[in-house]
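Student: when you get a sec, could you give me coordinates for this:
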Amino acid sequence: GLPVGVGGRAVSLLSGGIDSPVASWMMAKRGLALEMVHFFSYPYTSEEAKQKVLDLAKLLTPWCGRLTVHVVPFTQIQEELRRKCPEELFTVLMRRFMMRIAEGVAARCGAGAIVTGECLGQVASQTMEAMRATTAVCSLPILRPVVGMDKEEIVRIARKINTFETSILPYEDCCTVFTPRHPRLRPVLGELEAAEDALDMDALVKAALDGIQRVQV
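Tutor: Next comes the predicted model:
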């Protein structure tokens with residue numbers, strides 16, 4: 001790979017799953033210095049779930065160097081979505097919030113891109129239409145290094161970098177909270193924007209950014 005930092009700086013969305021640590025490692029290998037962003041929905045997700053993510057970040061430090069994990073309070077946003085928006089759009093609306101907040105973190109730390117562990121067709125929020133809808137709220141490039149890989153390939157890398165066993169620990173992350181029974185697989189951009197009209201978007205994003213806890217690993 002390339003020395004960390006020669007490719008610039010990015011923020012990487014780090015969940016408790018298998019894909020996002022692998023995506024982070026792949027971009028660090030290409031010389032990106034990373035800051036991690038984790039969305040935490042207490043009390044729907046546990047302190048153990050947050051610690052799992054911090055442990056994953058620590059496992060990445062041999063390749064990334066010391067890392068800052070920006071732990072974003074996400075409960076209020078998810079509860080507002082549940083109260084005011086159509087259930088079938090919940091997952092994609094949630095992802096759009098994540099991208100807005102990640103871009104806010106990027107502005108604060110001088111990052112020039114957002115890294116995600118999205119893999120085409122793996123779940124409802126990772127269809128081409130859903131990824132277009134999440135990309136639409138960002139001005140920064142979104143890097144998706146595992147987008148064309150199958151799960152077996154991703155797991156193989158996770159085992160190689162020693163994150164797999166931690167990733168499969170049974171603690172839920174915020175993406176599993178309020179999961180819709182029938183998520184929309186091909187959301188229409190105008191429909192999402194109309195649903196967001198019911199929300200005070202700027203205030204919700206600002207509150208999340210202001211409530212971030214920064215953890216050094």
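Student: against which helices or strands is the biggest strand by length in the chain packed?
Tutor: Determined from DSSP state E, the single longest strand within the chain is strand 32-40. The contact analysis (3 or more C-beta pairs under 8 Å, 6 or more residues apart in numbering; DSSP states H and E) places strand 32-40 against strand 8-13, helix 19-29, helix 47-64, strand 68-73, helix 90-109. The way it works is simple: take the backbone N, C-alpha and C, and place the C-beta from them, glycine included.
Student: that strand to helix 19-29, inter-axis angle?
Tutor: Strand 32-40 and helix 19-29 are oriented at 160 degrees to each other (axes from the mean of the first three to the mean of the last three C-alpha atoms, to 10 degrees).
Student: got the buried residues for strand 32-40?
Tutor: 32, 33, 34, 35, 36, 37, 38, 39, 40 (16 or more other C-beta atoms under 10 Å).
Student: for that strand, C-alpha coordinates in CSV please.
Tutor: What follows is strand 32-40, C-alpha atoms only, in CSV (Å, rounded to 0.1, in the frame of the first residue of the first chain):
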residue,chain,number,x,y,z
LEU,A,32,-5.9,7.9,3.2
ALA,A,33,-5.7,9.2,6.8
LEU,A,34,-9.0,8.3,8.4
GLU,A,35,-11.3,9.6,11.1
MET,A,36,-14.1,7.3,12.1
VAL,A,37,-17.7,8.2,12.5
HIS,A,38,-20.1,5.9,14.4
PHE,A,39,-23.8,6.4,14.9
PHE,A,40,-25.0,5.4,18.4
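Student: for it, give the mean pLDDT please.
Tutor: Averaging pLDDT along strand 32-40 gives 97.
Student: of the buried residues of strand 32-40, closest to residue 130?
Tutor: Closest approach to residue 130 among these (C-beta to C-beta): residue 39, at 17.0 Å.
Student: need the per-residue pLDDT for residue 126.
Tutor: For residue 126, the model assigns a pLDDT of 85.
Student: ok, now the one 5 residues further on?
Tutor: Each residue has a pLDDT score; the one for residue 131 is 93.
Student: on that earlier part again, who touches the longest strand of the chain?
Tutor: If you take C-beta atoms under 8 Å, 6 or more residues apart in numbering as the criterion, strand 32-40 is touched by 4-5, 7-15, 24, 27-28, 49-50, 53, 57, 64-65, 67-75, 98, 101-102, 105, 109, 111, 113, 115, 173-174.
Student: sheet partners, orientation included, of it?
Tutor: Applying DSSP bridges, strand 32-40 is found paired with strand 8-13 (parallel), strand 68-73 (parallel).
Student: tell me the angle of that strand relative to helix 47-64?
Tutor: Going by the same axes, to 10 degrees, strand 32-40 makes 180 degrees with helix 47-64.
Student: any idea how far strand 32-40 is from the chain center?
Tutor: On the basis of C-alpha atoms, centre = their mean, to the nearest Å, strand 32-40 sits 8 Å off its chain's mean C-alpha point.
Student: of all the strands paired with strand 32-40, which lies closest to residue 131?
Tutor: Comparing the strands paired with strand 32-40 by C-beta to C-beta, strand 8-13 comes nearest, at 13.1 Å.
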